[in-house]
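> Predicted model, plus sequence, below.
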Amino acid sequence: MDAIEQGVTRRHTFFCTSTERHIHDPSKVVKVEPKEIAVFGKKVKGWLVTTEESVISKVIPLNESVRGEVVMHDPE
């Protein structure tokens with residue numbers, strides 16, 4: 001497989017108060033760290049969760065993207 005077709009990953013970091021509720025696929029979780037934030041003057045304890053997932057599964061040639069059915073191949 002060519003290096004260009006191996007895909008690209010995207011990371012998302014978010015704050016949550018219930019890791020069980022927000023971590024649907026533990027294999028995508030890169031990092032979880034405890035965090036306390038202030039919301040309207042009150043302190044809220046929770047976690048900063050960073051996930052990583054693949055966003056490109058196929059390289060679309062320029063000719064196909066300009067003239068072809070792009071929507072059928074676009075994973076996003």
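Here it is on my side, so go on. Nothing here was measured: the structure is a model prediction, and the numbers come from that model. Numbers count the residues shown, from 1 in each chain.

> Now residue 13. Nearest residue, chain neighbours left out?
residue 50 (4.5 Å; CB to CB, 6 or more residues apart in numbering). From N, CA and C alone the C-beta is placed, and that goes for glycine too.

> neighbours of that neighbour, just the number please.
For residue 50, the count of nearby residues is 14 (other CB atoms under 10 Å).

> May I have the strands that pair with the top strand by length along the chain, each with its orientation?
Counting residues, the longest strand found in the chain (DSSP state E) is strand 42-54. Take DSSP bridges as the rule and strand 42-54 pairs in its sheet with strand 9-16 (antiparallel), strand 29-39 (antiparallel).

> and the next element down the chain from the shortest one?
It stands for strand 9-16. helix 19-22 (DSSP states H and E).

> Need the pLDDT of residue 39.
At residue 39, the pLDDT value in this model is 94.

> Bridged to it, which residues?
residue 42.

> hang on, the earlier thing: can you name the residues that contact the residue nearest to residue 13?
Contacts for residue 50 (CB atoms under 8 Å, 6 or more residues apart in numbering) come out as 11-13, 29-32.

> can you put these in JSON lines and add distance to residue 44?
Formatted as JSON lines, the contacts of residue 50 follow (distance: CB to CB, whole Å):
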{"residue": "11", "distance to residue 44": "23"}
{"residue": "12", "distance to residue 44": "20"}
{"residue": "13", "distance to residue 44": "17"}
{"residue": "29", "distance to residue 44": "21"}
{"residue": "30", "distance to residue 44": "23"}
{"residue": "31", "distance to residue 44": "19"}
{"residue": "32", "distance to residue 44": "16"}
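
> Which one of those is nearest to residue 54?
For those, the closest approach to residue 54 (CB to CB) belongs to residue 11, at 11.4 Å.

> show me the contacts for the residue nearest to the closest one when sequence neighbours are not counted.
In space, residue 11 comes closest to residue 52 once its chain neighbours are excluded; the distance is 4.9 Å by CB to CB, 6+ apart. Listed by CB under 8 Å, 6+ apart, the contact partners of residue 52 are 9-12, 28, 30.

> Buried only: go through these for me.
Among the contacts of residue 52, not one is classed as buried by 16 or more other CB atoms under 10 Å.
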